[in-house]
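>>> sequence below, structure please.
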Amino acid sequence: MYRFYQKNPLGFALVCIAAYVVLFSAADSFSSSLAIQKIITAPVSVVLSLVLFGFLKKHGLLETYGLCPFQGDRKAFAYFLPLLLIVSTNLWNGAAMNASVLETVLFILSMLCVGFLEEVIFRGLLYKALCADNGKTAIIISSVTFGLGHIVNLLNGAEVLPTLLQICYATAIGFLFCIIFLRGKSLLPCILAHGIVNSLSLFGISGSEIRDILTSLVLCVVSLWYAIYILRKTEPSKAAA
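The predicted structure follows:
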């Protein structure tokens with residue numbers, strides 16, 4: 001596997017994306033058939049996270065893919081305060097316990113792993129592989145691919161409009177996370193924010209379509225504004241580009 005990674009980093013990233021999508025979709029489907037949300041997905045996500053982390057650690061690639069302390073000036077990043085707004089959006093209509101204790105634990109565990117896996121795969125492996133040709137193109141492709149990846153939710157029973165909205169704001173957030181990695185040399189803030197926003201989705205109360213559209217618009221605007229702010233306030237980083 002490491003030889004494949006060395007010879008074809010982009011191919012390796014695409015294989016990881018395909019494996020992630022297929023395994024998680026299958027795990028969610030089996031979980032639904034057992035009538036316990038994430039009962040299969042949770043252990044699958046933990047195993048995949050450990051395998052990916054172990055692979056990167058074994059070959060000395062943790063820092064290359066942002067699994068290292070944040071190296072940017074936190075003041076220049078506005079102390080990540082806009083991320084707090086982003087992670088809170090699922091609770092804007094209120095909060096409630098929408099699942100049993102077991103399902104809640106399984107869901108949170110799965111979503112924390114998803115935050116790790118998706119950031120390392122999309123913002124790490126895919127983005128860095130594409131950077132070899134063109135850094136700007138790498139950011140665009142990584143962001144759009146991440147957003148479009150959420151279309152798989154339709155296969156798991158999600159409604160069309162929420163999925164389309166998710167694709168839009170996920171693309172914007174993906175762009176922001178690429179910029180944070182580019183200028184801060186670390187994916188840890190992105191992994192943490194990603195895991196939390198996904199976990200809190202379980203506790204959110206559904207709103208009207210208009211509220212969903214407005215929330216998605218806010219997410220897009222805040223993400224793009226924050227990305228531009230970071231670019232203006234920080235210096236380019238050769239190590240992350």
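>>> please make it C-alpha for all contacts and neighbour counts, starting now.
Fine.
>>> contacting residues for Cys190?
With contact set as C-alpha atoms under 8 Å, 6 or more residues apart in numbering, Cys190 has these partners: Gly115, Glu119, Phe177, Ile180, Phe181.
>>> give the buried residues for the helix or strand encompassing the fourth one.
Under DSSP states H and E, the secondary-structure element containing Ile180 is helix 160-184. Buried positions in helix 160-184, judged by neighbour count with 16 or more other C-alpha atoms under 10 Å: 162-184.
>>> the worst-scoring helix or strand of the chain on mean pLDDT vs helix 160-184, what angle?
Lowest mean confidence among the helices and strands of the chain (mean pLDDT, DSSP states H and E): helix 135-148, at a mean of 90. On the basis of axes from the mean of the first three to the mean of the last three C-alpha atoms, to 10 degrees, helix 135-148 is oriented at 150 degrees to helix 160-184.
>>> for Arg134, phi and psi?
One thing to correct before we go on: residue 134 is Asn, not Arg. The phi/psi pair for Asn134 (degrees, to the nearest 10) reads phi -160, psi 120.
>>> in the least confident helix or strand of the chain, what counts as buried?
Counting neighbours by 16+ other C-alpha under 10 Å, the buried set in helix 135-148 is Gly135, Ala138, Ile139, Ile140, Ile141, Ser142, Ser143, Val144, Thr145, Phe146, Gly147, Leu148.
>>> in this structure the last one contacts Leu165, no?
In other words, Leu148. No: the pair Leu148 / Leu165 is not scored as a contact, 10.8 Å apart, by C-alpha atoms under 8 Å.
>>> how many neighbouring residues does the residue nearest to Leu56 when sequence neighbours are not counted have?
Setting aside the residues directly before and after it, Leu56 is nearest to Leu62 in space (C-alpha to C-alpha, 6 or more residues apart in numbering), at 5.5 Å. By the criterion of other C-alpha atoms under 10 Å, Leu62 has 18 neighbours.
>>> Leu62: what secondary structure?
coil (DSSP: H, G, I helix; E, B strand; the rest coil).
>>> what sits against it?
Contacts of Leu62 (C-alpha under 8 Å, 6+ apart): Phe53, Leu56, Cys68.
>>> now do 10 Å
Phe53, Gly54, Phe55, Leu56, Cys68, Val120, Gly124, Ser186 (C-alpha atoms under 10 Å, 6 or more residues apart in numbering).
>>> same question for Leu50.
Contacts of Leu50 (C-alpha under 10 Å, 6+ apart): Val44, Leu56, Cys113, Leu117.
>>> element containing the last one, please.
The reference is to Leu117. helix 101-118.
>>> what residues sit buried inside that helix?
Under 16+ other C-alpha under 10 Å, the buried positions of helix 101-118 are 103-118.
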